[in-house]
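Undergrad: fold the following for me, if possible:
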Amino acid sequence: MTIMTITLLSWWGDLSSIQQIFWGISIVFSVLFVIQFVLSIIGIDFDADADGDFDHSGSVDGLDADFTLLSVRSIIAFFTFFGWTGVVALSGGVGSMVAVLMASAAGFVAMMVVAYIFYLFMKLQSSGTLNLNNAIGGVGQVYLPVPGDKNGVGKVQIKVQGSLRELDAISNGQEIPRGAPIRVIDVIDDQMLLVEPVVVDDTKYLE
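TA: Just a heads-up that it's a prediction; the model follows:
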């Protein structure tokens with residue numbers, strides 16, 4: 001082993017269990033945070049659902065249903081700040097329980113900030129010169145389930161005017177589940193898509 005490897009192993013062995021946990025979380029999620037940032041810069045969407053039960057929308061302090069708190073981006077932000085706050089707190093002589101509480105608070109704030117930033121970004125992206133009529137005939141994918149018989153509003157991701165958009169959608173037929181491919185057949189009141197399910201071989205329609 002190299003001197004650097006021996007030094008790192010020695011440093012790691014000198015850490016307490018709680019310090020190893022915080023450092024491990026910090027390192028892993030900091031790497032993911034950087035990867036996510038780089039992918040976002042080059043235009044690749046990193047925010048796929050971590051799990052169907054994690055991602056949801058709802059009203060939070062007056063925000064409308066477009067605000068999505070739990071996503072891959074916000075979860076990575078939570079654990080990145082959770083880990084580093086814990087490391088700093090323990091280095092400052094704080095007890096383990098207090099460090100966990102401080103780290104959790106910092107992670108939650110980071111998660112809220114990231115979620116709100118992307119909420120504003122999606123609002124900005126959906127405003128301005130966007131003409132939803134240009135989406136008619138286009139094919140996309142369900143992001144949040146679209147209820148059947150116009151009994152509620154879901155969300156779809158679809159490329160409109162050269163950009164991938166996340167837009168409100170309703171369906172005349174049966175409920176369309178998350179991840180299902182859809183086709184836009186009409187625009188309701190210039191602000192909502194009327195969609196129907198379609199069968200495609202892959203997800204090239206999102207490229």
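
Undergrad: CA atoms for contacts and neighbours, from now on please.
TA: Fine.

Undergrad: immediately after the helix or strand G13 falls within, which helix or strand?
TA: Using DSSP states H and E, G13 sits in helix 3-14. Downstream of helix 3-14, the first helix or strand assigned by DSSP H and E is helix 17-41.

Undergrad: which positions in the lengthiest helix in the chain come out as buried?
TA: The single longest helix within the chain, with elements called by DSSP state H, is helix 96-126. Buried residues in helix 96-126, counted by 16 or more other CA atoms under 10 Å: 99-100, 102-116, 118-119, 122-123, 126.

Undergrad: could you measure from the residue minimising distance to the centre of the chain over to A99?
TA: Centroid-nearest residue in the chain: S71, 3.0 Å away (criterion: CA atoms, centre = their mean). S71 sits 25 Å away from A99, going by CA to CA, to the nearest Å.

Undergrad: what does L193 give?
TA: Computed as CA to CA, the L193 to A99 distance reads 47 Å.

Undergrad: D168: how many residues sit nearby?
TA: By other CA atoms under 10 Å, the residues close to D168 number 20.

Undergrad: let me fix that: G154
TA: By the measure other CA under 10 Å, the count of residues near G154 is 27.

Undergrad: one more: the one 10 residues further on?
TA: By other CA under 10 Å, 16 other residues sit near L164.

Undergrad: give me the secondary structure label for it.
TA: Three-state assignment for L164 (DSSP: H, G, I helix; E, B strand; the rest coil): strand.

Undergrad: quick one: it and Q141 touch, right?
TA: No: with contacts counted by CA atoms under 8 Å, L164 stays clear of Q141, the gap being 10.6 Å.

Undergrad: centre of the chain to stretch 159-179, how far?
TA: With CA atoms, centre = their mean, to the nearest Å as the basis, stretch 159-179 stands 17 Å off its chain's centre.

Undergrad: got any ranges where this structure has weak pLDDT?
TA: Within the chain, the segments meeting pLDDT under 70 span 1, 43-69, 122-129, 200-207.

Undergrad: kindly report the domain assignment for the chain.
TA: Domains of the chain are assigned by automatic domain parsing as 17-126, 132-206.

Undergrad: now these in CSV, with distance to T7?
TA: Output for the domains of the chain, formatted as CSV (distance: least, CA to CA, whole Å):
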stretch, distance to T7
domain 17-126, 15
domain 132-206, 47
